[in-house]
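Engineer: any chance you could fold what I've pasted below:
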Amino acid sequence: MEKNFKVNSKLLPEGFPREYDAHIYFTEDKLEAATKLRDKFKLQFARDSFFVGDMIPVPIGPHTKPMFEANFPKHMFMEVSLWLMDNRGEFSVLLHSLSGDDLIDHTTGARWLGPEVKLDYSKF
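Structural biologist: From the prediction side, this is the model:
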């Protein structure tokens, strides 16, 4: 996998209400299944207030495994959480608000579905 992968932040629409994140982690051997889950996720939440990013095939930032990310407003938290509980399969999911404090958002403010993935908090 390419180690110099960069996330294209221009993919997120300008003015998007980015209040919550969901990080769905996968391993290289599960890329195809994760891509199918991502496509299903995008279809389920095809709305202006919901954004599913590209597959990020390498660890980036505090995330120590490949992942894809969804961004959504607070009022969708329960709907997204319940959908992920029913559809995530074997993938671990980190759900957190975007309070402006990345460390809190990824630790005491985080909720996990499935086993926790070790994060690299030195990146904050």
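Engineer: so what's the residue minimising distance to the centre of the chain up against?
Structural biologist: Nearest residue to the geometric centre of the chain (C-alpha atoms, centre = their mean): residue 23, 2.0 Å. Shown in contact with residue 23 (C-beta atoms under 8 Å, 6 or more residues apart in numbering): 63, 67-69, 93-94. (C-beta placed from N, C-alpha, C; glycine too.)
Engineer: pretty sure residue 37 sits against residue 90.
Structural biologist: No: between residue 37 and residue 90 there is no contact under C-beta atoms under 8 Å: 9.8 Å.
Engineer: looking at these two, which is more packed in?
Structural biologist: residue 37 (21 against 12; other C-beta atoms under 10 Å).
Engineer: any idea of the mean pLDDT in the helix or strand harbouring that one?
Structural biologist: Element membership for residue 37 (DSSP states H and E) is helix 31-44. For helix 31-44, mean pLDDT is 96.
Engineer: so how far is it from its chain's centroid?
Structural biologist: 12 Å (C-alpha atoms, centre = their mean, to the nearest Å).
Engineer: residue contacts, the closest residue to residue 111 other than its chain neighbours?
Structural biologist: Distances taken as C-beta to C-beta, 6 or more residues apart in numbering place residue 95 nearest to residue 111, at 4.6 Å, with adjacent residues excluded. Neighbouring residues of residue 95 by C-beta under 8 Å, 6+ apart: 20-22, 77, 80-81, 84, 110-113.
Engineer: just those residues: which are in helices?
Structural biologist: Using DSSP state H, the subset of those located in helices is 77, 80-81, 84.
Engineer: run a quick neighbour tally on residue 80.
Structural biologist: With other C-beta under 10 Å as criterion, residue 80 counts 20.
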